[in-house]
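Participant: okay, sequence plus prediction incoming.
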Amino acid sequence: MSEKEKLKRYDQLMLRNKGLIVKVCQVYCPNDGEKARDLFQDIALKVWTRMDTFREESAEATWLWHIAINTAIDSIRADQRRPQLVFGDTLPERSTEETPRRIDDLYEAIAHLPADDQLLITARLDGLDYHQIAQQTGQNENSLRVRYNRTVKRLRIMLKGK
Amino acid sequence: MQEDTFLNPYRQAWQQDNETMEKSLANISLQTLHDNIARLQQRRRRRTLWLTLSAAASLALLVGIGLHLMTPTAVEGGTNLVAQNKPFKEVATPTQDAAPIVPPIPTAATHTTLSHKKTTTTLEATTTPALPDIAMTRPDSMTLPSTLSEPLPNLTTPNDTKEPTTHIIVTHRLVAMGPDNLSTNHTTVTETRQLVKIEEPLRNTFHEAIVEPLLALMTNNLSD
């Protein structure tokens, strides 16, 4: 595949799946537009470097979701390794809301799920039904239902104390 | 069905956040992503070039070290003539007119107390005239032959009539002079199986410049 063809294919892939990357940024960088923009571009670059690893037999959305999640986790780890602000430095931007939102707890809980379960939950939050999710991920509808119920139970436990 | 309603309280906030995030990321165009890719590829090219150059430099360094280690040293304790860029002298080809051959050097190391300074000398062989006698009084520990010209015992074999083929290297070790340690000075002769011929001018020079003054000095010291 020539460089030009690869770039064309990349553009199509990104246009089709931009929404997925936005959701990853939403889950991993809520309330931080700047960080979300950095993460989006990091994911986009990672997708470019992994273009050759994509096999047609796997669903494009699943493949891309895994890349996006792994990049987000790496990015968060890198942030944690960076030195934290000390007294006297500019304080990080605070959320405009006084009280923490319930949805932020949900983001945090989702971030602790396995990648496939994250994709399933965010797709359900987007309002997609099992048939649509099955088409996107290439998985069986029934198994998606079973997995969804199991994941929701897990989320309940995680959010119980919140 | 209870699980299906679990996400309902979150849906509205989720949709709002999603719209906000899409707006926030809307200014990232495909062109921006292409620019990022171009930068990434440039960075990779630079890194590849740097790695290649580093590898080449390391290889060159290793080769240099290897060559340095393989450079021969004339004699242990002697001077590395190659490192000093000094060519070894060629061995003179014997001719019909060549003088008779001096008897071979003994296979065992010959000791002398006359060494004065640390040098490595390549001696070539051409000549025969006997060295002048070294008539002197010396302690028993000194093993210098009384005359350098007289044949050394047990050194001649039937095959010794062969022509000399290589030079010999004689190393003189410098040891602080003095009556107490005279007997520790020694000269080591290598290439013991070769016939020895000492070039006359060289030998004379060596004698005049080193041996005779030393003998005089030693004589004076001993007589003191």
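Facilitator: Yep, that arrived. Numbering: from 1, shown residues only, chains lettered A, B, ... in the order given.
Participant: so what pLDDT did B:Leu62 get?
Facilitator: At B:Leu62, the model reports a pLDDT of 94.
Participant: my error: substitute A:Arg145 in the last question.
Facilitator: Per the predicted model, pLDDT is 93 at A:Arg145.
Participant: tell me where the longest helix sits in the chain.
Facilitator: Picked chain A for this. Using DSSP state H to define each element, chain A has its longest helix at helix A:3-28.
Participant: actually, chain B is the one I wanted.
Facilitator: Using DSSP H, we find that the single longest helix of chain B is helix B:30-70.
Participant: still on that earlier bit, the longest helix of chain A near chain B anywhere?
Facilitator: Yes: using C-beta under 8 Å from any C-beta of the partner chain, helix A:3-28 reaches chain B at A:Leu7, A:Asp11, A:Met14, A:Leu15, A:Gly19, A:Val22, A:Lys23, A:Cys25, A:Gln26. Using the backbone N, CA and C atoms, a C-beta is placed for each residue, glycine as well.
Participant: run a quick neighbour tally on the residue lying closest to A:Ile103 once chain neighbours are set aside.
Facilitator: Nearest non-adjacent residue to A:Ile103, counting by C-beta to C-beta, 6 or more residues apart in numbering or on different chains: B:Ala13, 3.8 Å away. Neighbour count for B:Ala13, taken as other C-beta atoms under 10 Å in any protein chain shown: 16.
Participant: surely B:Ala13 touches A:Asp105?
Facilitator: No: the criterion here is C-beta atoms under 8 Å, and B:Ala13 misses it with A:Asp105 at 10.8 Å.
Participant: list the residues that contact the residue positioned nearest the centre of chain A.
Facilitator: Residue closest to the average C-alpha location in chain A (C-alpha atoms, centre = their mean): A:Val24, at 2.3 Å. Contact analysis of A:Val24 by C-beta atoms under 8 Å, 6 or more residues apart in numbering or on different chains lists A:Leu39, A:Ile43, A:Trp65, A:Ala68, A:Ile69, A:Ala72.
Participant: test my guess that the last one contacts A:Lys23.
Facilitator: No: in this structure, A:Ala72 is not within contact of A:Lys23 by C-beta under 8 Å, at 10.6 Å.
Participant: which segments of the chain make up each domain?
Facilitator: You didn't pick a chain, so chain A it is. A:1-83, A:99-162 (automatic domain parsing).
Participant: wait, chain B was what I had in mind.
Facilitator: The record's domain parsing of chain B by automatic domain parsing lists B:8-70, B:74-224.
Participant: what residues does chain A put near chain B?
Facilitator: So chain A meets chain B at A:7, A:11, A:14-15, A:19, A:22-23, A:25-26, A:30, A:33, A:36-37, A:40-41, A:44-45, A:48-49, A:101-103, A:106, A:121, A:124-127, A:148-149, A:152-153, A:155-156 (C-beta under 8 Å from any C-beta).
Participant: and those residues, which of them are buried?
Facilitator: For the residues of chain A next to chain B, a neighbour count by 16 or more other C-beta atoms under 10 Å in any protein chain shown gives the buried set as A:7, A:14, A:22-23, A:25-26, A:30, A:36-37, A:40-41, A:44-45, A:48, A:103, A:106, A:121, A:124-126, A:148, A:152, A:155.
Participant: wait, B:Phe6 sits on A:Val152?
Facilitator: Yes: B:Phe6 is within contact range of A:Val152, at 4.9 Å (criterion: C-beta under 8 Å).
Participant: which parts of the host helix or strand of B:Gln16 are buried?
Facilitator: Assigned by DSSP states H and E, B:Gln16 belongs to helix B:8-25. Under the neighbour-count criterion of 16+ other C-beta under 10 Å, helix B:8-25 has B:Tyr10, B:Ala13, B:Trp14, B:Asp17, B:Asn18, B:Met21, B:Ser24, B:Leu25 buried.
Participant: quick check: the two most widely separated of these?
Facilitator: Spatially, the most separated pair among the buried residues of helix B:8-25 is B:Tyr10 and B:Leu25, at 21.1 Å (C-beta to C-beta).
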